[in-house]
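**Q** Model the structure of this input:
(chains A and B)
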Amino acid sequence: MSGLLPEGASLRFTGLDQPLRIHRALGGGTQGEVYAVDCGGEPLALKWYLPACLERDPQLPRRLRQSIALGAPSADFLWPLALLEPTAESRPLIRHPRAGFGYLMALRPPGYVGAHRHAGGELEISLQNVLRASFRLADGFHQLHLKGLCYKDISLGNLFLEPGSGRVLICDNDNVDIDGQGGGSVLGTPGFMAPEVLLGQAKPSASSDLFSLAVLIFRLLTRHDPFRGRRELAIRCLDEPARRRLYGEEALFIFDPTDAGNRPDPTEHAAALVTWPIYPRPLQQLFEQCFGPGLHQPQQRPLTGQWTQALSRCLDQRQICPQCGQETFPDPAAPGPCWHCGAPLPRPLQLQLPQGRISAAAGNELLPHHWDALAPLALEHPLARLVSHPDNPGVLGLQNLSAEPWQGQLTNGQTIALDPGKTCNLAALQQLHSGAGPITVLRP
Amino acid sequence: MPFPNVRLSNRPLHFIYLCDCSGSMAAQGKMQALNQAIRQSLPGMAEVARENPEARVLVRALRFADRADWHVQEPTPVQQLQWRDLEAGGITAMGEALERLAGVLQSPPMEERALPPVLVLISDGQPTDDFETGLATLMRQPWAQKAVRLAIALGHDADLEVLQQFIGPEPPGGGRSPRRPLQASNATSLARYIQWASTAVVGAASMPASRVQEQGDSNVNIPLPDLPPTLLDPTDDVGPLVW
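**A** Next comes the predicted model:
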C-alpha cells in the first residue's frame, strides 16, 4: 500500500513530546488511513485524514478536540486520545502536498472482529454473547447520550465484537458531537439512518441515534434487516432510490404487529423467521415500538436505558433446553416450547436476589445490580456464576466469585461455608448469605 | 450452542472488466501492467466482498481486439478468481464488446434481483468498429442503465470522448471525477484506479457507506466514493515514463 505516511520513519507532531514511529499501515478508506505506531514504547493507532476530508468537514478538528477533552463515555469506545498536526520538519515526509492531520487512539486488541462478519453468518458466537454484545452497545450509547453527545453514524461497519466474551468496541468516533450542534457533515449509513435523516428532513442527533441503535441491535440479534421483507422482493435493482423507499418513504417493519404487508419471505428471509421467535416479548416489543410508532415520531423511540433493561432481563432468564441443548430465553413463569426443537420447556429453578431473579442455567451470572438497586446495570464484575460440575454436566452449582466467604443453608437444615472460588451444588441448597444480601433458591 | 446458522440473504453484484487488447497495448508494457494491476487488486477486492454480507461479488472479463470475446466467461466469485494473462494483438472492436456485454445483462441470464452491476472499460485507443451501435444496444438493457459504468484511459491516445459516452453525461465543472474517464498515465496510477474500482466502488455498490452532505449526487443511483488521492510521487503526472 502506497500510504500517506512513511512506514518505518519517526515523525514529530505538535503537542507530542516524543516522535511517533510509524510501523505499518493497518488499513485505508475513503477518509484516510490508519497506522500502527509507537509512542515512547507504547503501541497505539494513528488515523491520518486525507486533506479533502477537512475541506468537506471543516468542523472535524473541533469535534475531535472536544471529544478528547470530554474523554471516552466508557471503555467500550476506541476514543480519540490526541489530535496531531505535523511539525514543520515532518511535513515534507508526508506524501501529500497538503500534509493533513490525524488523531491517536488505542490499538484494537486482537480477538475483536467486525460485526459485519456476524451479520454475514461467519462467526461462531453464542446467543448469550450476542445479547451481551447488544447490551454493551446499548450501554455505550447510554453513557454517550448521558454526556450530552450523539454518535450520528452507527452501523455494522464501526462495531467490533469479541465472540468469546460478547465484549464490543465502538470505533470511528470522529463524528461524535454535542447533541443539537449543527456542525458536521455526516448523515449516517443508509440502512441504519433514521427515516427523517435519510429523507433529508432532520440532521443526525441523539434521537436518530436511537433508531440506528435499534437497527444495529436487530441486526445483531436476528442476522437480518428490520425492513427487508416481501417489499424487498419487488425491487429488482437494489440501488439508492430503492433503499430510500425501503428504509424511508415506504419503510414498514417486517414484524409490524398491525400491518403484515412486509413479512419475511420464507425462502429469501429465512434468517428473520428463525431468529425472531428466540427473544422474549418485552424485547420484541421494543423493536415494534421503535420501528412502528418510533419510525416517524422520534420521541416514541425506546431509550437506551429501556434497551439495557430488556437485554439484561433477557440474559437473566436464559435457560438451556433439556431436549436439544439450545439456549432459550423464555418467561420463567410460562416457558412455552423451545424455539429450536419445539419441546416444552420446564419451569426453571430460579435464584431470588434482592433486585432480580435469575434462571438457573450454566453460564448465567449474578451481578452487583442484582443485589444493589443503586448499582448501574452492567455485565462486569459478576459476584457469582452458575456452573456445571466438571465431571457431571447434569449437576448445576453456584460459584462464589466474590472475595468473601459465604454461608449456605441446605434444604435439610445443615449449614455450609462457601469460600471464594468454591461452588456449591444447587440441588441441596436452600439459601446463601452473601455479604451483599441473600440468594434464595426458588424451585418450580 | 452457537447462534443459529442463518444469515441475511444476499444479492449478486456483477463486476465486469472490458479490456482493450488491441496491438497498441503490446507497446511499452501496457498489457503486462494491466494484467498485474488486475491480479494485484484481487485480494483487496476479496476482502471487500467478505466485509459486505449483503453482496455476492461475481467477476467476469471481456477482451476485445479483432473480435470481442469472453476472457472470464463464468461469473466467478472473486475469492476463486485466478487471473490469466490477457494478450495483445489486433484492432479495437469495442462496439462488439458492448454488444456482447448487452447479451449478458438481459434477464435471463441476469438474475431477477441483484445489486447494480459495476462495468469497467479500459482502453488505450479508438474503437475501430461501430461503437455507437454497440453502445445503443447496451444501453437498451435496464441493467446497463442501472450499472455503475467506469472507464480508464491508458496513456494519451485513448479516445476520451467515446469513454465518456460509455460512462454517461459528463458532470458539470472541471477536475477529476469518477464520472469522467480516469486517465492513467503510468503503471502506478493504473494500479491505483483498478484497485479503487474493485474495492471502493464495489463497496459503494454493495453496501452503502457512510453518507455525508454536499455529495450533490442525489439524482444518481449509486453515489461514488472519492477518487484515490494523487500522492506526492515524483513519477506522477509528468507524462509517460513507462510508455
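**Q** Where does residue A:140 sit: helix, strand or coil?
**A** Assigned by DSSP: H, G, I helix; E, B strand; the rest coil, the conformation of residue A:140 is helix.
**Q** That one and chain B: what is the separation?
**A** 18 Å (C-beta to the nearest C-beta, to the nearest Å). (C-beta placed from N, C-alpha, C; glycine too.)
**Q** Strands along chain B, start to end?
**A** Assigned by DSSP state E, the strands in chain B fall at B:11-20, B:55-64, B:68-77, B:118-123, B:148-154, B:182-184, B:211-212.
**Q** What mean pLDDT does the shortest one get?
**A** On average, the pLDDT along strand B:211-212 is 74.
**Q** closest one to chain A among the strands of chain B?
**A** Closest of the strands of chain B to chain A is strand B:211-212, at 4.4 Å (criterion: C-beta to the nearest C-beta).
**Q** roughly how far is the closest one from the heart of the chain?
**A** 24 Å (C-alpha atoms, centre = their mean, to the nearest Å).
**Q** do the same with stretch A:304-322
**A** Distance, centroid of stretch A:304-322 to centroid of chain: 14 Å (C-alpha atoms, centre = their mean).
**Q** is chain B contacted by the least confident helix or strand in chain A by mean pLDDT?
**A** Sorting the helices and strands of chain A by mean pLDDT, DSSP states H and E puts helix A:51-56 at the bottom, at a mean of 80. Yes: Helix A:51-56 lies within reach of chain B by C-beta under 8 Å from any C-beta of the partner chain, at A:52, A:56.
**Q** what comes up buried for that helix?
**A** A:52-53, A:56 (16 or more other C-beta atoms under 10 Å in any protein chain shown).
**Q** residue ranges with poor pLDDT in chain B?
**A** Low-confidence segments of chain B, defined by pLDDT under 70, span residues B:213-219, B:229-243.
**Q** rerun at 50
**A** In the predicted model, chain B carries pLDDT under 50 at residues B:231-241.
**Q** who's in contact with the residue of it most remote from its centre?
**A** Distance to the chain centre peaks in chain B at residue B:1, reaching 43.4 Å (criterion: C-alpha atoms, centre = their mean). By C-beta atoms under 8 Å, 6 or more residues apart in numbering or on different chains, the contact set of residue B:1 is A:126-127, A:324-327, A:340.
**Q** For the stretch 301-444 of chain A, give me the ranges with low pLDDT.
**A** Judged by pLDDT under 50, no stretch of the stretch 301-444 of chain A qualifies at all.
**Q** What about the residue in it that chain B sits nearest to? Give its phi and psi, please.
**A** Nearest residue of the stretch 301-444 of chain A to chain B: residue A:326, at 4.6 Å (C-beta to the nearest C-beta). The phi and psi values for residue A:326, taken as degrees, to the nearest 10, are phi -80, psi 150.
**Q** ok, then the element right after the least confident helix or strand of chain A?
**A** Next along the chain after helix A:51-56, taking DSSP states H and E as the criterion, comes helix A:60-70.
**Q** what comes up buried for whichever helix or strand comes after that next one?
**A** Toward the C-terminus, helix A:60-70 is succeeded by strand A:82-86 as the next helix or strand (DSSP H and E). Of all the residues in strand A:82-86, those buried under the rule 16+ other C-beta under 10 Å are A:82-84, A:86.
**Q** I'd like to check the angle between strand A:82-86 and helix A:60-70, please.
**A** 140 degrees (axes from the mean of the first three to the mean of the last three C-alpha atoms, to 10 degrees).
**Q** Direction included, what does the following helix or strand past strand A:82-86 pair against?
**A** Using DSSP H and E, the helix or strand that follows strand A:82-86 in sequence is strand A:102-105. Note on strand A:102-105: by DSSP bridges, its sheet partners are strand A:42-49 (antiparallel), strand A:82-86 (antiparallel).
**Q** if you look at the helix or strand just after strand A:102-105, does any of it touch chain B?
**A** Next along the chain after strand A:102-105, taking DSSP H and E as the criterion, comes strand A:113-114. Yes: judged by C-beta under 8 Å from any C-beta, strand A:113-114 and chain B are in contact via residue A:114.
**Q** Where do the helices of chain B begin and end?
**A** Counting by DSSP state H, residue ranges of the helices within chain B are B:30-51, B:94-105, B:131-139, B:142-146, B:160-167, B:187-196, B:202-206.
**Q** closest to chain A out of those?
**A** Using C-beta to the nearest C-beta, the helices of chain B put helix B:142-146 closest to chain A, at 4.4 Å.
**Q** quick one: buried residues of that closest one?
**A** Neighbour-count burial for helix B:142-146 [16+ other C-beta under 10 Å]: B:143-144, B:146.
**Q** what does stretch A:65-84 give?
**A** Buried residues in stretch A:65-84, defined by neighbour count with 16+ other C-beta under 10 Å: A:66-68, A:72-74, A:76-84.
**Q** Tell me how far residue B:117 lies from residue A:39.
**A** 46 Å (C-beta to C-beta, to the nearest Å).
**Q** Who has more neighbours out of those two?
**A** Neighbours were counted for residue B:117 and for residue A:39 using other C-beta atoms under 10 Å in any protein chain shown; residue B:117 has more, 25 against 18.
**Q** The nearest residue to residue A:49 once chain neighbours are set aside: how many residues sit nearby?
**A** In space, and not counting its chain neighbours, residue A:49 is closest to residue A:32: 4.1 Å by C-beta to C-beta, 6 or more residues apart in numbering or on different chains. Residue A:32 has 23 neighbours, counted by other C-beta under 10 Å.
**Q** near chain B, which residues of the stretch 201-350 of chain A show up?
**A** Residues of the stretch 201-350 of chain A lying near chain B (C-beta under 8 Å from any C-beta): A:219, A:223-225, A:228, A:233, A:235-241, A:243, A:268-271, A:274-275, A:278, A:324-327, A:340.
**Q** picking that back up, I'd assumed residue A:337 was in contact with the residue of the stretch 301-444 of chain A closest to chain B.
**A** No: Residue A:326 is beyond contact range of residue A:337, at 11.7 Å (criterion: C-beta atoms under 8 Å).
**Q** which residue is nearest the middle of chain B?
**A** Short answer for chain B (C-alpha atoms, centre = their mean): residue B:120, at 1.8 Å.
**Q** residues touching that residue, list them.
**A** B:15-18, B:150-152, B:194, B:197 are the contacts of residue B:120 under C-beta under 8 Å, 6+ apart.
**Q** Who does it form a beta bridge with?
**A** Assigned bridge partners for residue B:120, using DSSP bridges, are residue B:17, residue B:150.
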